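Engineer: Fold the following and give me the result.
(2 chains)
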Amino acid sequence: GAVVSQHPSWVICKSGTSVKIECRSLDFQATTMFWYRQFPKQSLMLMATSNEGSKATYEQGVEKDKFLINHASLTLSTLTVTSAHPEDSSFYICSAKDREAFFGQGTRLTVV
Amino acid sequence: AQSVAQPEDQVNVAEGNPLTVKCTYSVSGNPYLFWYVQYPNRGLQFLLKYITGDNLVKGSYGFEAEFNKSQTSFHLKKPSALVSDSALYFCAVRDGATGQNFVFGPGTRLSVLP
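Structural biologist: Next up, the predicted model:
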C-alpha cells in the first residue's frame, strides 16, 4: 500500500529555534497533504491543508506565521515550527491522500 | 459541520472475548467513515472504511465495523481480542460530498487483558 514517510520521528530543540518536519509520499503523488497536531491523551486536530504549488490553508486559530508550510513538490510537504516555545511541544502527524488517506509515523517535538 | 463521538475513553476486555469500540457521527452529506489505530508514539494505521455498499465492512487484523444509518453509528468490532490489539483507536468521518480532510473522534483506548 501507499506509504507516507515523516522525518524526524522525534526532535528536541531549544526555545526560540526553528524546527522543520518533512512529510513525503513515497510511492504516489499527493497534490494535497494535511498536517495534524495531537496533544497528550487527545485526538488529532487539523492544523492546515498543504496544497502543492500554492499557499496552505490554515484552520482557525492556527498561526500561519508560526507554522510555516511549504508544499514544493507532489511528494514533499514541510512544516516549520518557527521560534518554538515549550507550549509547541506536541506530536505532529502528516497525511497524504491516495485512494484513501495514509498517515506518517508522526514527529514528537519537545521544546526545552 | 462534521463531528464524531466516541463515548468511551477506555475499553477493557479479556483476551479471546469479543470487543466493541463505539462511534457515532454527524455529517451533512454522505458519510465516509474510517477507523484508525495508533500505537504509542506512532502515526495512524488504517483499519477499514465505509464509503458505500454493504453495511458490514471488514478490515485489517480481523476487525470489522457496521454502518448503521438510522443510528448514525459505525462501531468497530472483533470476535476475539488479542493482547496485541491494545492501542488507541480513532473513528473519523469525512463529508463525501464536500470534504477532503478528516474529523477525528477523541479516541478510545483499548486494553486487552491476558
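Engineer: So which bits of whatever helix or strand residue A:77 lives in are buried?
Structural biologist: Using DSSP states H and E, residue A:77 falls within strand A:76-81. In terms of neighbour count (16 or more other C-beta atoms under 10 Å in any protein chain shown), strand A:76-81 has its buried residues at A:76, A:77, A:78, A:79, A:81. Yep, even glycine has a C-beta here, placed from its N, CA and C like the rest.
Engineer: Just flag the most distant two among those.
Structural biologist: Comparing every pair within the buried residues of strand A:76-81 by C-beta to C-beta identifies A:76 and A:81 as the most remote, at 17.2 Å.
Engineer: Which stretches in the chain count as helices?
Structural biologist: Let's take chain A. Secondary structure of chain A by DSSP state H: no helices are present.
Engineer: in it, which ranges drop under the pLDDT threshold?
Structural biologist: Scanning chain A for pLDDT under 70 picks out A:1-2.
Engineer: Up against chain B, what does it have?
Structural biologist: Taking C-beta under 8 Å from any C-beta of the partner chain, the part of chain A that reaches chain B is made up of A:4, A:6, A:9-10, A:32, A:34, A:42-46, A:49, A:91, A:93, A:95, A:97, A:100-106, A:108.
Engineer: Emit the ChimeraX select command for whichever of those are buried.
Structural biologist: In ChimeraX, a selection of the buried entries from the residues of chain A next to chain B looks like this (16+ other C-beta under 10 Å):
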select /A:4,6,32,34,43,44,46,49,91,93,95,97,101,102,103,104,105,106
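Engineer: among the residues of chain A next to chain B, which are in strands?
Structural biologist: A:4, A:6, A:10, A:32, A:34, A:44-46, A:49, A:91, A:93, A:95, A:97, A:101-103, A:108 (DSSP state E).
Engineer: just to revisit the earlier point, output the buried residues of strand A:76-81 as CSV; include the columns distance to residue A:66.
Structural biologist: CSV is the format used below for the buried residues of strand A:76-81 (distance: C-beta to C-beta, whole Å):
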residue, distance to residue A:66
A:76, 21
A:77, 17
A:78, 14
A:79, 11
A:81, 7
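Engineer: Report the contact partners of the spatially most central residue of chain A.
Structural biologist: The residue lying closest to the centre of chain A (C-alpha atoms, centre = their mean) is residue A:35, at 4.1 Å. Each residue near residue A:35 by C-beta atoms under 8 Å, 6 or more residues apart in numbering or on different chains is listed here: A:23, A:46-50, A:67, A:69, A:77, A:79, A:92-95.
Engineer: if I look at it, how far off is chain B?
Structural biologist: When C-beta to the nearest C-beta, to the nearest Å is applied, the distance between residue A:35 and chain B equals 10 Å.
Engineer: how close does the residue nearest to that residue when sequence neighbours are not counted sit to residue B:67?
Structural biologist: Nearest in space to residue A:35, with sequence neighbours left out and distances taken as C-beta to C-beta, 6 or more residues apart in numbering or on different chains, is residue A:47 at 4.6 Å. Applying C-beta to C-beta, to the nearest Å, the value for residue A:47 to residue B:67 is 29 Å.
Engineer: do residue B:109 as well
Structural biologist: Relative to residue B:67, and taking C-beta to C-beta, residue B:109 is found at 23 Å.
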